[in-house]
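Colleague: Predicted model, plus sequence, below.
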Amino acid sequence: MVPVIYRSEYLSYDFGPDHPFSPLRLAMLVELLEVLDPGWNPEPPPQARREEVLAVHAERYLRRVEAAARGERPPGLVDYGLGTSDTPAFAGMDAAARWLVGGTLTAARLVASGQARRVLQLGGGLHHAQFDRASGFCVYNDLAVAIHHFLEAGLRVLYLDVDVHHGDGVQWIFYEDPRVLTLSLHESGRYLFPGTGGVFEIGQGGGTGYSWNVPLEPYTGDACYLEAFEQVFEKALAWFLPDVILVQAGADAHFLDPLADLMLTTRAYERIFTRVLEGAERYTEGRAVFTLGGGYSFDAAVRVWTLLYFLLQGLQPPGALPEGWLQRWRARLGHELTATLHDPAPPPAVPRRPEIERYNRGNAARLLDVVRKYLSPD
Ligand SMILES: [Zn+2]
């Protein structure tokens, strides 16, 4: 049984009913996994301590989050990314964010100590949070705290970010560190938040060559995405030789996602997750940690993460979703939900644009050209 880290306190990370980062997605997911897997038995993590969060964040920033959590609104709060429309301040936000950090840190501890090879943190993935600033729905960077723990344990980390948005927070925190290779595939920053993640952001100082970005054109579909992914992922493993892989498994590159424009189906996600597990077997003695991330179509995100759960457990994913669960959540959300785990049909046709393929392929090739001299043994 692969450990799954979760506790109901994760649901308190809640920016309010109109915010896209809704805890309902997680509630839906947990309820579905309870029904589908008789072996469902998540491990509740401890809350991350303040000092653990301070490993990757500025103290002055923590003080602002703590004040906002108490309902105070000190001047200059927005300079710390708090109280914005993306990341509104809410009562208890410090504690809520520390529950998520605690989960990802627990996952990292289990793997670093050799107690587990694979772990699924059923939450977290707050990749936009910066050293001294909240950003894009992310308060504390649980991924960076976990990476810090791996580094302390002497493990070199391949961080793979398949969220549709650039994994900027993790990238900047480890921008000068050659012990962490960050690899983010995302919709191009020319069209999408946070605007960064170009091919030439390759790291700095001793970390030069260790930040990898593959910006993708809007309307990129499965085949084109997977081609770019295969091109760079294998090279990241073979050149960097990581000790562990940490995956931010954002589901917002799915074609149903309302906030972005990539066109992946559940089949592409299945391939990505399978490929990561194969890569871990070959290169890291199986060591891999997965977190959730963005994913704003309730329908798609819950199915992508259910698929991830079953693949990690080595269990056969179900074909159809349980009728009772579908009925409950259709009524609660007031809209239709797909009745099968995989997308039943391909995404709506978009005009075939050969320049999408050319652009994506070119970016993946350009990236490898630029970083080759820093990492490649040849
Ligand atoms: Zn995202």
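Modeller: Received it, and whenever you're ready, just let me know what you need.

Colleague: mind listing the helices in the stretch 101-250 of the chain by residue range?
Modeller: Ranges of helices in the stretch 101-250 of the chain, per DSSP state H, counting those that start in this stretch, are 142-152, 168-173, 222-240.

Colleague: export those helices to CSV and tack on mean neighbour count and distance to Gly206?
Modeller: (Glycine included, C-beta is placed from N, CA and C.) Shown next, in CSV, are the helices of the stretch 101-250 of the chain (neighbours: other Cβ atoms under 10 Å; distance: least, Cβ to Cβ, whole Å):
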stretch, mean neighbour count, distance to Gly206
helix 142-152, 25, 13
helix 168-173, 25, 15
helix 222-240, 19, 14
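
Colleague: can you put these in a markdown table and add mean pLDDT and distance to Glu43?
Modeller: Output for those, formatted as a markdown table (pLDDT from 0 to 100; distance: least, Cβ to Cβ, whole Å):
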| stretch | mean pLDDT | distance to Glu43 |
| --- | --- | --- |
| helix 142-152 | 99 | 15 |
| helix 168-173 | 98 | 24 |
| helix 222-240 | 97 | 28 |
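
Colleague: Could you provide the ones you listed in JSON lines, with additional columns for distance to the ion?
Modeller: Converted to JSON lines, the helices of the stretch 101-250 of the chain look like this (distance: least, Cβ to the ion, whole Å):
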{"stretch": "helix 142-152", "distance to the ion": "13"}
{"stretch": "helix 168-173", "distance to the ion": "11"}
{"stretch": "helix 222-240", "distance to the ion": "15"}
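
Colleague: I'd like to know which of those is closest to Leu321.
Modeller: helix 222-240 (21.5 Å; Cβ to Cβ).

Colleague: for the closest one, packing partners?
Modeller: strand 157-161, strand 180-187, strand 211-216, helix 266-283, helix 354-375 (3 or more Cβ pairs under 8 Å, 6 or more residues apart in numbering; DSSP states H and E).

Colleague: Ala249 is nearest to which of the helices of the stretch 101-250 of the chain?
Modeller: helix 142-152 (11.2 Å).

Colleague: List the contacts of the closest one.
Modeller: With Cβ atoms under 8 Å, 6 or more residues apart in numbering as the test, helix 142-152 has contacts from 48, 52-53, 55-56, 100-101, 103-105, 107-109, 111-112, 121, 124-127, 129, 156-157, 159, 167, 169-170, 173-174, 177, 179-180, 243-244, 246, 248, 289, 291.

Colleague: Arg298 reaches Leu333, doesn't it?
Modeller: If you look again at residue 298, you'll see it is Phe, not Arg. Yes. Using Cβ atoms under 8 Å, Phe298 makes contact with Leu333 at a distance of 6.1 Å.

Colleague: Neighbour count for these two, which is higher?
Modeller: Neighbours per residue (other Cβ atoms under 10 Å) separate Phe298 from Leu333, with Phe298 holding more: 19 against 13.

Colleague: Measure how buried the nearest residue to that one once chain neighbours are set aside is and give me the count.
Modeller: Leaving aside its sequence neighbours, Phe298 sits nearest to Arg25 (Cβ to Cβ, 6 or more residues apart in numbering; 5.5 Å). Applying other Cβ under 10 Å, we find 21 residues neighbouring Arg25.

Colleague: for Asp163, same thing?
Modeller: If you count neighbours by other Cβ under 10 Å, Asp163 ends up with 25.

Colleague: out of everything not next to it in sequence, what's closest to it?
Modeller: Gly250 (2.5 Å).

Colleague: Quick one: residues contacting that neighbour.
Modeller: 125, 127, 161-165, 292-295.

Colleague: likewise Arg282?
Modeller: With contact taken as Cβ under 8 Å, 6+ apart, Arg282 is in contact with Leu237.

Colleague: Likewise for Val232?
Modeller: 183, 185, 212, 214, 364, 367-368.

Colleague: can you list these in a markdown table and add neighbour count and pLDDT?
Modeller: What follows is these, written out as a markdown table (neighbours: other Cβ atoms under 10 Å; pLDDT from 0 to 100):
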| residue | neighbour count | pLDDT |
| --- | --- | --- |
| Leu183 | 26 | 99 |
| Leu185 | 29 | 98 |
| Trp212 | 31 | 98 |
| Val214 | 24 | 98 |
| Ala364 | 23 | 98 |
| Leu367 | 25 | 98 |
| Leu368 | 19 | 98 |
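
Colleague: Could you export those as TSV, including distance to the ion?
Modeller: Listed next are these as TSV, based on distance: Cβ to the ion, whole Å:
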residue	distance to the ion
Leu183	16
Leu185	12
Trp212	18
Val214	15
Ala364	20
Leu367	20
Leu368	24
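
Colleague: nearest to Arg303, of those residues?
Modeller: Each of the contacts of Val232 was scored against Arg303 by Cβ to Cβ, and Leu185 proved nearest at 20.0 Å.

Colleague: partners of the closest one in the sheet?
Modeller: Leu185 has these beta-bridge partners by DSSP bridges: Val214.

Colleague: what about the helices of the stretch 101-250 of the chain, which gets the closest to Ser85?
Modeller: helix 168-173 (18.5 Å).

Colleague: elements contacting that closest one?
Modeller: helix 142-152, strand 180-187.

Colleague: quick one: the shortest one to helix 222-240, angle?
Modeller: Spelled out, it's strand 180-187. Counting by axes from the mean of the first three to the mean of the last three Cα atoms, to 10 degrees, strand 180-187 lies at 170 degrees to helix 222-240.

Colleague: Can we start the residue count at 661 from this point?
Modeller: With 661 as the first residue, the last one maps to strand 840-847.
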